[in-house]
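**Q** sequence first, then the predicted structure:
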Amino acid sequence: MQEPQEATDTTPTRSADNGLGATLLRAAWLAILLGFAMEALLLLFAAGFGIVPGLGSTVSDLAGKVTWSTLVCAGLALGTAASKARAPLMGLLGLLAAPLAFHASRALQQGVAKTLEEVAAGASIGNQTLIFLALFKAVEYGCLGVIIGWVGRRSWGGMLAHAAAGLTVGIFFGSAIVSFTYWTAPEPLATPDLVSRSANEILFPVGCSLVLFAATAVGKRAES
C-alpha cells in the first residue's frame, strides 16, 4: 500500500519541476525575440537620423542585447515560477541577474566587435562607471522583480498592468542612467546616441515585463 502513496507524493514535485522548466524555456525564447526587437527598434531610430550602422557594430550590439535580455528575463522568470511568484524572491533574483547580465552582455558585445575588427559602443567607459552602472541596474531590476511579483498576484494584474509597471521602472531608472552616462561620457553624446540610449533604457523594462507576463500566461492556459 506504500508504493501508490510514494507515486502520489512525487507527482506534484515532478509537475512543479516541469512547470518551472517550461516557464524558463518560454521566457528564454521570448527574451531572445525581445533582444532582436529592441535592436530592430534602435536601428529604426538611427535610420530616422540618417545613420546606418555598420554590420560589425550591428552584430556586436545584437549579441549584447540578446545576452542581456535572456539572462535578466530568465532570472526574473525563475522568481515568477518558484515559490508561487513571491515578490521578495523575484526582487532578489532581479538584483542578482542584472549585474551578471550586464557584464556578460558587455563582454560578449566587445568580443564579437573585436572579432569583426570593430570598436564596441561605449568601450571607453571607465571601470568605476561600469561598476556603478552594474549596481544601478541591479537595483533597477530588483525593484522590477518585486513590482512584477506583486502585480502578478493581483486580480487586475494583466498585460497592461505589467506594461505600466515596466514603463514606470524604465522612466525612473532609465532617466537616471542616461543622465549619469551623459555627464560621465568622455565626449558629449550626439543627439541620435542620446535618443537611442533613452529608448533602450526606458522600453526594455516594458518588454521584459511583457515577457514575464506572456511566459506565465501561456503556462496557466496550458494547465487549464
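**A** Looks like it arrived, so ask away.
**Q** SS state for A138?
**A** Following DSSP: H, G, I helix; E, B strand; the rest coil, we place A138 in the helix state.
**Q** repeat for L189
**A** coil.
**Q** so it sits right up against V195, yeah?
**A** No. The pair L189 / V195 is not scored as a contact, 9.6 Å apart, by Cβ atoms under 8 Å. C-beta coordinates here come from the backbone N, C-alpha and C atoms, glycine included.
**Q** now do the helices in this protein.
**A** 2-48, 55-81, 87-115, 127-152, 159-184, 191-223 (DSSP state H).
**Q** lowest mean pLDDT across the ones you listed, which one is that?
**A** Ranked on mean pLDDT, the bottom entry among the helices of the chain is helix 87-115, at a mean of 52.
**Q** list the residues that contact the nearest residue to S198 once chain neighbours are set aside.
**A** Leaving aside its chain neighbours, S198 sits nearest to V178 (5.1 Å; criterion: Cβ to Cβ, 6 or more residues apart in numbering). By Cβ atoms under 8 Å, 6 or more residues apart in numbering, the contact set of V178 is L194, R197, S198, E201.
**Q** make a markdown table out of those and add neighbour count.
**A** Below are the contacts of V178 laid out as a markdown table (neighbours: other Cβ atoms under 10 Å):
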| residue | neighbour count |
| --- | --- |
| L194 | 15 |
| R197 | 19 |
| S198 | 20 |
| E201 | 20 |
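**Q** wait, which of those residues is closest to L212?
**A** Nearest to L212 among those: E201, at 18.2 Å, using Cβ to Cβ.
**Q** go ahead and confirm that closest one touches I171.
**A** No. Counting by Cβ under 8 Å, E201 stays clear of I171, with 9.1 Å between them.
**Q** got a list of what the residue nearest to F49 when sequence neighbours are not counted touches?
**A** Distances taken as Cβ to Cβ, 6+ apart put P192 closest to F49, at 4.0 Å, once the chain neighbours are dropped. Counting by Cβ under 8 Å, 6+ apart, P192 touches F45, A46, F49, I51.
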